[in-house]
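# fold the following, please.
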Amino acid sequence: MVPKFVKVMPRDYKRVLKAIQQAIEDGLTGDDALSAAFEQNARDVARIAGS
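Residues are numbered from 1 along each chain as shown. A predicted model of the protein is given here:
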C-alpha cells in the first residue's frame with residue numbers, strides 16, 4: 001500500500017522550502033535564511049499569478 005500514497009504539498013510551501021535551501025547554500029543560516037526565503041516568496045510572480 002505504501003507506493004499508492006501521494007505526498008500533497010501546497011505550492012507556496014514548496015517554493016519556500018526551495019528558497020530556504022538556496023539561502024543555506026548561499027551561506028545564510030537560521031533566521032537570515034528564513035527571512036530571505038520569505039522575501040523571495042513574497043515577490044514571486046507565480047505566487048501573485050495564483051499558479
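# show me the residue sitting in the middle of this structure in space.
For the chain, Val16 is the residue whose C-alpha lies nearest the centre (C-alpha atoms, centre = their mean; 1.6 Å).
# what about that residue, distance to Ala42?
Using C-beta to C-beta, to the nearest Å, one gets 10 Å for the distance from Val16 to Ala42. Yep, even glycine has a C-beta here, placed from its N, CA and C like the rest.
# quick one: average confidence on the helix or strand harbouring the residue nearest to the centre of the chain?
Per DSSP states H and E, Val16 falls inside helix 11-25. Averaging pLDDT along helix 11-25 yields 87.
# which helices and strands sit right next to that helix?
Helices and strands touching helix 11-25, by 3 or more C-beta pairs under 8 Å, 6 or more residues apart in numbering; DSSP states H and E, are helix 30-43, helix 45-49.
# next, the buried residues of the first one.
Think helix 30-43. Residues of helix 30-43 classed as buried: 33, 36-37, 40-41 (neighbour count, 16 or more other C-beta atoms under 10 Å).
# and of these, the nearest to Glu25?
Glu25 has its nearest neighbour among the buried residues of helix 30-43 in Ala33, at 9.6 Å by C-beta to C-beta.
# contacting residues for the closest one?
20, 23-24 (C-beta atoms under 8 Å, 6 or more residues apart in numbering).
# distance of it relative to Gln21?
Ala33 is 9 Å from Gln21, by C-beta to C-beta.
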